[in-house]
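> Based on what follows, work out the 3D shape:
(2 chains)
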Amino acid sequence: KAGVTQTPRYLIKTRGQQVTLSCSPISGHRSVSWYQQTPGQGLQFLFEYFSETQRNKGNFPGRFSGRQFSNSRSEMNVSTLELGDSALYLCASSLLTDEKLFFGSGTQLSVL
Amino acid sequence: AQTVTQSQPEMSVQEAETVTLSCTYDTSESDYYLFWYKQPPSRQMILVIRQEAYKQQNATENRFSVNFQKAAKSFSLKISDSQLGDAAMYFCAYRSKGNYQLIWGAGTKLIIKP
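This is a model prediction of the structure:
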């Protein structure tokens, strides 16, 4: 069974641009959540989707948005990039809300 | 708000020995989950062990076991017979029952000496 797949692995953007990250969950998993990991702030929750509905959102500005498609694949979008958005973005999927999370290898975003 | 604290930024242990990583948390809830995740250089977060707060029995997964002290809000991870492949960042995490987000500690870097 394929794991959680995140694309791309690495991304370099400049300030002011926008970026879209993709996450394909494990087959059959309907919950997808996103986390930002930085050396300074550590791991922080961005949002969680279940059956195309956002159920919870972390404390991030509106520049961070996401969506989930009917096949459970999810995308995360960051508009008007800032230097502080440089981070590893991790996606995780689970079968049900309280089941354990399976993580992808992340997308490393560098904003120059 | 819930918080998770890992007070050991780095730990080292000799191969084949035992090491314990510490984690404390703060919550007013009575039902929740606690996790230990491992993040090797590949960056993929891997679940090591999970504990449900209402279960008094400490969780065990092969060489990994926890010491869950609910009243003290302590959740330490014991790794027995340490192996070179155990070298990684270890994160303690908290999740409310019915909530959808993990709250993470700052992590502990585990170094295994051959």
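
> Helix, strand, or coil at the residue lying closest to A:L101 once chain neighbours are set aside?
Leaving aside its sequence neighbours, A:L101 sits nearest to A:A92 (Cβ to Cβ, 6 or more residues apart in numbering or on different chains; 4.0 Å). Using the backbone N, CA and C atoms, a C-beta is placed for each residue, glycine as well. When classified by DSSP: H, G, I helix; E, B strand; the rest coil, A:A92 comes out as strand.

> Any idea how many residues pack against residue 74?
Went with chain A since none was named. A:S74 is flanked by 25 other residues according to other Cβ atoms under 10 Å in any protein chain shown.

> hm, I was asking about chain B
Around B:S74 there are 15 residues (other Cβ under 10 Å).

> for A:E75, same thing?
17.

> Show me what the residue nearest to A:L101 is bridged to.
Beta-bridge pairing for A:A92 (DSSP bridges): A:S33, A:F103.

> pretty sure it is in contact with A:Y35, am I right?
Yes. Using Cβ atoms under 8 Å, A:A92 is in contact with A:Y35, at 7.0 Å.

> shared neighbours of those two, which are they?
Counting by Cβ atoms under 8 Å, 6 or more residues apart in numbering or on different chains, no residue touches both A:A92 and A:Y35.

> re earlier: for the residue nearest to A:L101, what are its contacts?
A:4, A:32-35, A:101-104, B:45.

> how close does it get to B:G105?
17 Å (Cβ to Cβ, to the nearest Å).

> same question, A:T20
According to Cβ to Cβ, A:T20 and B:G105 sit 30 Å apart.

> Name the residue in these two with the higher neighbour count.
B:G105 (26 against 13).

> contacting residues for the more buried one?
By Cβ under 8 Å, 6+ apart, the residues touching B:G105 are A:42, B:4-6, B:23, B:91-93.
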